[in-house]
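Participant: My questions concern the predicted model and sequence given below.
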Amino acid sequence: MNASTRRFALTATDRYLPILEAFVAGGWTPVKLFTVPTDERLHSNRRVVARAQELGIPIQLSRLTDADLTDLGKMQCDLLVVASYPWRIGDWRPHIPHAVNFHPSPLPRYRGPLPQVWAILDQQRRWGVSCHKLEQAFDSGAILAQHDFDLGERECFDVLDMKIQMSMRELACTVANDFDQLWRDAQPQLNEHYVGFWSEADRTLDFTQSYEMIDRQLRAFGQHECLATINDVAIHVRRAITWPEAHTARLGSVVHADGLRMVIACRGGYTAILDWAFFSAEAITGTPNSA
């Protein structure tokens with residue numbers, strides 16, 4: 001393929017808009033954007049949709065089907081680029097020559113959805129992003145290229161997510177500019193490692209645990225929020241901090257309250273719950289200055 005004939009379609013939300021830009025800058029011509037409805041809190045597609053409109057390409061919010069793959073073939077699409085897409089994609093090979101997936105982990109380690117949570121819970125000190133051939137088994141295809149980076153001792157979900165987005169941009173530039181060679185030389189994955197989506201138990205704070213463990217959970221889940229039960233009442237924890245301090249208070253007890261903020265005793269220290277909400281969307285929240 002040469003720069004004048006390379007055509008690609010993309011699945012993405014705003015967090016992976018840099019992948020679209022990298023392929024356009026690399027001389028590829030976009031033919032279609034597949035995106036998904038978003039909550040505009042944790043996920044958004046406004047910027048990527050606006051960019052697709054600027055480029056004059058069709059946008060599809062519904063699931064990509066076999067009929068869509070057939071249509072991409074009719075458009076002479078050379079490559080389907082998958083990023084941040086929740087639905088399984090059918091067999092693309094009868095319709096288009098190539099398909100790749102951009103995954104936010106250093107494959108073959110940490111296959112699976114949203115692995116950055118596990119990166120923090122597992123106290124990883126180095127992370128990475130990968131581009132691999134799209135196969136029916138999730139995240140299993142031969143790897144075209146990867147980009148690695150360091151993690152801090154107190155990495156949090158939101159900063160790690162931004163590091164991933166920046167690394168995806170660099171990785172996409174590499175893939176877009178040297179696609180044919182990387183496709184030919186792609187290396188199969190060995191010793192794969194899969195992590196599933198977290199459970200409610202994974203993000204539930206246990207105040208009999210150490211303040212360090214609670215801090216790690218808070219950093220790992222970020223805007224996805226942790227859960228806790230305080231005085232037999234279940235809440236979502238939106239923002240909290242921990243610190244070490246010797247005490248004799250009963251673990252899990254409220255040792256101090258200031259309005260809707262509260263301090264909970266945990267092993268080896270305290271957890272300050274600064275922003276919280278009951279499970280019901282209409283219920284009272286502990287957000288400062290909330291109505």
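Facilitator: Yep, that arrived. Keep in mind it's a predicted model, so treat the numbers as computed, not measured. Residues are numbered from 1 along each chain as shown.
Participant: Can you tell me the closest non-neighbouring residue to residue 129?
Facilitator: residue 167 (4.7 Å; CB to CB, 6 or more residues apart in numbering). Backbone N, C-alpha and C define where each C-beta goes, glycine included.
Participant: Ok, residue 182 next?
Facilitator: Nearest non-adjacent residue to residue 182, counting by CB to CB, 6+ apart: residue 144, 4.1 Å away.
Participant: Mind listing residues that contact the one helix or strand the one you found maps to?
Facilitator: If you go by DSSP states H and E, residue 144 is part of strand 143-150. Strand 143-150 is touched from outside by 100, 106-107, 125-133, 163, 167-168, 170-171, 174-175, 179, 182-183, 185-189, with contacts defined as CB atoms under 8 Å, 6 or more residues apart in numbering.
Participant: Quick check: next helix or strand after it?
Facilitator: Downstream of strand 143-150 (by DSSP H and E), the next one is helix 157-177.
Participant: Only the buried residues of that next one, if you could.
Facilitator: Applying a neighbour-count criterion of 16 or more other CB atoms under 10 Å, one finds 157, 160-161, 163-165, 167-169, 171-177 buried in helix 157-177.
Participant: and the direction of it versus that of strand 143-150, what angle?
Facilitator: Counting by axes from the mean of the first three to the mean of the last three CA atoms, to 10 degrees, helix 157-177 points 140 degrees away from the direction of strand 143-150.
Participant: neighbouring contacts of helix 157-177?
Facilitator: Helix 157-177 is contacted by residues 15-16, 18-19, 21-23, 25-28, 83, 100, 102, 104, 116-117, 119-120, 127-131, 144-147, 149, 151-152, 182, 219-224 when judged by CB under 8 Å, 6+ apart.
Participant: Quick check: residue 196 vs residue 158, distance?
Facilitator: The gap separating residue 196 from residue 158 is 22 Å, by CB to CB, to the nearest Å.
Participant: swap that for residue 139, sorry
Facilitator: In this view, residue 139 and residue 158 are 23 Å apart by CB to CB.
Participant: got it, and residue 236?
Facilitator: Residue 236 sits 17 Å away from residue 158, going by CB to CB.
Participant: now the helices: where do they sit in the stretch 151-291 of the chain?
Facilitator: Secondary structure of the stretch 151-291 of the chain (DSSP state H, counting those that start in this stretch): helices at 157-177, 179-184, 211-221.
Participant: Now distance to residue 70 and mean pLDDT too, for those, in TSV please.
Facilitator: Compiled in TSV, the helices of the stretch 151-291 of the chain are given as follows (distance: least, CB to CB, whole Å; pLDDT from 0 to 100):
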stretch	distance to residue 70	mean pLDDT
helix 157-177	25	96
helix 179-184	22	97
helix 211-221	40	97
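Participant: does the spatially closest residue to residue 57 that is not a sequence neighbour belong to a helix or a strand, and which?
Facilitator: Counting by CB to CB, 6+ apart, residue 57 lies nearest to residue 30, which is 5.1 Å off, once chain neighbours are set aside. Element membership for residue 30 (DSSP H and E) is strand 29-34.
Participant: ok, then the element right after that strand?
Facilitator: helix 46-55.
Participant: roughly how far out does that following helix sit from the chain middle?
Facilitator: In this view, helix 46-55 has its centroid 21 Å away from the chain centroid, taken as CA atoms, centre = their mean, to the nearest Å.
Participant: tell me the average confidence for that helix?
Facilitator: On average, the pLDDT along helix 46-55 is 95.
Participant: Angles on the backbone of residue 136, please.
Facilitator: Main-chain torsions, residue 136, degrees, to the nearest 10: phi -70, psi -40.
Participant: check contacts around the closest residue to it other than its chain neighbours.
Facilitator: Of all residues not flanking residue 136 in the chain, residue 91 sits nearest, at 7.1 Å (CB to CB, 6+ apart). Applying CB under 8 Å, 6+ apart to residue 91 gives the contacts 66, 69, 136.
Participant: With residue 42 instead?
Facilitator: Residues near residue 42 by CB under 8 Å, 6+ apart: 223, 224.
Participant: Check the one 5 residues further on too.
Facilitator: Contact criterion CB under 8 Å, 6+ apart gives 14, 17 as the residues in contact with residue 47.
Participant: Can you classify the residue nearest to the spatial centre of the chain by secondary structure?
Facilitator: Centroid-nearest residue in the chain: residue 114, 4.5 Å away (criterion: CA atoms, centre = their mean). For residue 114, the assignment made with DSSP: H, G, I helix; E, B strand; the rest coil gives coil.
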